[in-house]
Each structure stands twice: as structure tokens, then as C-alpha cells.
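Engineer: what follows is a predicted protein model with its sequence.
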Amino acid sequence: MNNAICTEHIIMEVILNIYQTGIIYQTTNYSQFTITRKNRPIAGKRIIDSIKKKNLLPEKPILVTSNLVVLDGQHRLKAAEALQLPIFFQIARKNVTDEDLAILNVQKSWELLNYINLFWDKNENYAFIQHILDTYGLNAYVSFVINSAGSGNDIKASFKDGEYKLKESKEVIEMRMRKVSECRTELIKRFNNHKIVTAQCLYALYQLTKYSKYNHKRFIEKINKPCYKDDFYKALEFRKNTLLYTHLKIINNKRTEGNSKKKEEYDEEEE
């Protein structure tokens, strides 16, 4: 243990994994930690307000090296310091590479699942989100489901505070998610590539289900028709939701009868 740790004591033991020791420590000696340039910009008022409402710092320890360099959790560290609350931390039990940090960032989407377990019996909307994730195979796209179905100015913040609300009825949201899932399945089969269906693609498909001229059966048929393959491939190259949505809508409206094409006017995407 690093000699700089002098006021800490063991709080609890947790299950070992490849990154962390089995011990969680706590301290109010914030200055002993180092934040590297590889860390993301420090979050501000939002995370502080969230901790004021419900302090989950003990359940979400930060991860540091043996020299107390912060690998993950610098936002929580600064928020704890601002509120003068103890910060809880674990020490990595191996040399963490840039690749390891990338994996940690991917795993952050799974942190949202912890809030489902936390508020499951207090807010029925959390059980509904879990139902959508399980039923339509969207567990790898937790943020997409939460943001698309949720209502409010800061959806993720309300989700973490236990105050998550749905934008539409459960029946309508489930109908949209079912259509998105079916499109996703068909696109993956069409291109034989899971990576082609990104989170941006799902957002665009969900928005497409709201389009008044959207015909789900016809759209699925187009995915599987050879004459539309290039259209879909070009559309899926876009990495901005709005552009991708616009091009998917063009495909939805596109006519192939004869050599003429009907000119369509497109609405702007509703945010």
C-alpha cells in the first residue's frame, strides 16, 4: 500500500476482478490523488446536484493506480471534494493499459443497469426499461433505450436520481422498440456485419418510426431487396443521427417503378 494513504480504513470487501483489488478504501485527503491528461474534462454542477440528492459514492468507488493516479472516476473525486464528502476508491492490481481504459469506458453503459436494480421497486418505468432491453436484445444499447424512451431536459440525470419518466405510453414505446429491433436484425443479416448497426443507427431508426409516412413492412422488404443494398450501405456510413435519419427516410420514400423517381420533401428531424 502506498505510504500516502494514512487516514483510510477498509470499508468492505468486494468480488475480485481483473482491474481491482478486493478492498474499498475511503478518504477525505483529496490532494493525494493525481488526475492525468488522459482523463476526460471534469464534470460540474450536474454531478454535484446528483450526489446531493442521493449519495452513491460508497457504491461507486473510483479506480486508481498504486501511486493514486485516477484511472476512472475523476468526476466523482472532484464532486466529493466540492461537497467535502469521503471519496471511496479501489486500487488496480495490474498495470492498466490504454486498451484497458477503453474497455472500462465501454463498461460504463453497464453502470446504468445498476440504477435499474436500485429503483426497480420504486419506479415502474425502470422495470419497463429492463423489459425492453431483455425482450428486444438491446442490452448493449442501454443509453439508446433510456434516451429514446425518456422525457425531460436531462434524461440520464433523472434516470440516476430515480425520477425517470417516459416520453410516450409504454405500448407506443414498445411498438417502436420492436420495429427498431426488427430493422436491426434484418440489417445485420443483410450485410453480415454486427458493427454496421451503430447506436446512431438505432436512434435514426427509432426516429423513423415516428415519421407519418413510415411503412414498417415495406421498409423491411426494402432492406432485403438487392436494388436497395447500396442505398442502405451509404446511409449507414453517416455518423450523425440527423443525416442518417434523413437518408433512411429517403429510402423509405424512394420509388423504383420505371425510370422516374418521385420528388419527396423531408421534414427536419424532431429532437
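Structural biologist: Good, I have the coordinates.
Engineer: ends of stretch 47-58, what's the gap?
Structural biologist: In stretch 47-58, first residue to last residue: 15 Å (CA to CA, to the nearest Å).
Engineer: got the contact list for that stretch?
Structural biologist: Taking contacts as CB atoms under 8 Å, 6 or more residues apart in numbering, the residues outside stretch 47-58 that touch it are 11, 24, 26, 75-76, 79-80, 82-83, 85-88, 157, 160-162. For glycine as for every other residue, the C-beta is placed from the backbone atoms N, C-alpha and C.
Engineer: for stretch 197-210, same thing?
Structural biologist: 138, 141, 143-144, 147-148, 175-177, 179-180, 183-184, 187-188, 214, 216, 219, 236, 238-241, 244-245, 248-249, 252, 269-270.
Engineer: now the buried members of the residues you listed.
Structural biologist: The neighbour count (16 or more other CB atoms under 10 Å) marks 138, 141, 143-144, 147-148, 176-177, 179-180, 183-184, 187, 214, 219, 236, 238, 241, 244-245, 248-249, 252, 269 as buried among these.
Engineer: okay, now the residue lying closest to Cys183 once chain neighbours are set aside: neighbour count?
Structural biologist: Computed as CB to CB, 6 or more residues apart in numbering, the closest residue to Cys183 that is not its neighbour in sequence is Leu205, at 5.1 Å. Here the number of neighbours of Leu205 (other CB atoms under 10 Å) works out to 26.
Engineer: re the thing from before, the contacts of stretch 47-58 in helices, which ones?
Structural biologist: Mapping those onto helices (DSSP state H) picks out His75, Arg76, Ala79, Ala80, Ala82, Leu83, Ala157, Lys160.
Engineer: tell me which stretches of the chain form strands.
Structural biologist: Under the criterion DSSP state E, strands of the chain are mapped to 10-13, 23-27, 34-35, 62-64, 69-72, 87-91.
Engineer: figure out which of those strands is closest to Lys229.
Structural biologist: strand 69-72 (41.2 Å; CB to CB).
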